[in-house]
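Chemist: Predicted model follows, preceded by the sequence.
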Amino acid sequence: MPDFSDDLAGKNTQYEHIVPYVNVIANQSRWGIASTKPTDLQTYFDDNWVPAWHDHEDDTLRTTETNTNIWIFASGMESRIREICRDIPANKYSVADFIELYVAPPVDHRSPIHAQTDAPDIKWTKFAHLENDIDIQNPLTPASKKMPYGNKAIILVYRGAAGLLDADIPWQFGGIAKTHKFRIMHTIADVDKTLYVKAVYFHLDEKGNVCVMIKTPII
């Protein structure tokens, strides 16, 4: 089954990959599945997820109801995607299917997986009240937003005084990124502190090199 991201920005990225992919007629024909469920998924995505995501990302439109609905619609998206994946016969999955649907291939289909040693490139993509987004780029595949094969990224964070050096920071676990987008949330008490972030690719108990940190004031 698909390995869905834990954060909303990552989920949105996955849905944007999966929805059009399962609605490609050639894919449906190759899998031997009807278009009914993919079409329903597209409708649900267009009518529910997309407007809810738009409102959630707009500070002027975000409400308690929006914050609740976005998780309800995420559940609806993922239950529909899982149904489609269950309908696809195991012997019909291609390598591209495993990648585009975020499904782990069976053991006999897998190449040896190792943590990528080259550190990710990270940059800020959003500066908003009590939240920041980062983009995680594999430096070995600059034309793609895919994570290294079989890898996720550990996000390390620290909120504190400005002007700290990397070696002086007591780094804390900030979460695990499954896609190239990752969101970091703050509390009111964090405002005016400096946010420090870095990341490292990992697979199981292997990890690569940690990237150069980035920093920004928390607003």
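Modeler: Ah, there it is.

Chemist: So the protein: which segments form each domain?
Modeler: For the chain, the domain assignment from automatic domain parsing gives the residue ranges 8-109, 121-217.

Chemist: Can you add mean neighbour count, distance to M1 and mean pLDDT and give these back as TSV?
Modeler: In this view, the C-beta of every residue, glycine as well, is placed from N, C-alpha and C. Shown next, in TSV, are the domains of the chain (neighbours: other Cβ atoms under 10 Å; distance: least, Cβ to Cβ, whole Å; pLDDT from 0 to 100):
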stretch	mean neighbour count	distance to M1	mean pLDDT
domain 8-109	15	6	91
domain 121-217	16	14	94
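
Chemist: Show the model's pLDDT score for R110.
Modeler: At R110, the pLDDT value in this model is 54.

Chemist: Determine how far stretch 73-93 lies from the middle of the whole chain.
Modeler: Between the mean C-alpha point of stretch 73-93 and the mean C-alpha point of its chain there is a distance of 18 Å (Cα atoms, centre = their mean, to the nearest Å).

Chemist: contact partners of it?
Modeler: Outside stretch 73-93, the residues within contact range by Cβ atoms under 8 Å, 6 or more residues apart in numbering are 1-2, 4, 8, 11, 15, 18, 22, 30-33, 37-38, 40-41, 44-45, 48-49, 52, 97, 101, 103, 105-106, 109.

Chemist: Which of these fall within helices?
Modeler: Under the assignment DSSP state H, the contacts of stretch 73-93 contribute 8, 11, 15, 18, 22, 30-31, 37-38, 40-41, 44, 52, 97 to helices.

Chemist: Let me have these in a markdown table, extended by distance to I70.
Modeler: Below are these laid out as a markdown table (distance: Cβ to Cβ, whole Å):
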| residue | distance to I70 |
| --- | --- |
| L8 | 6 |
| K11 | 9 |
| Y15 | 12 |
| I18 | 17 |
| V22 | 22 |
| R30 | 33 |
| W31 | 30 |
| K37 | 22 |
| P38 | 22 |
| D40 | 20 |
| L41 | 17 |
| Y44 | 14 |
| A52 | 5 |
| D97 | 27 |
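
Chemist: which residues in the protein form helices?
Modeler: Defined through DSSP H, the helices belonging to the chain, from first to last, are 8-22, 25-31, 36-44, 50-57, 64-87, 95-100.

Chemist: what would the ones you listed look like in JSON lines with distance to N132?
Modeler: Conversion of the helices of the chain to JSON lines gives the following (distance: least, Cβ to Cβ, whole Å):
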{"stretch": "helix 8-22", "distance to N132": "11"}
{"stretch": "helix 25-31", "distance to N132": "36"}
{"stretch": "helix 36-44", "distance to N132": "29"}
{"stretch": "helix 50-57", "distance to N132": "13"}
{"stretch": "helix 64-87", "distance to N132": "18"}
{"stretch": "helix 95-100", "distance to N132": "28"}
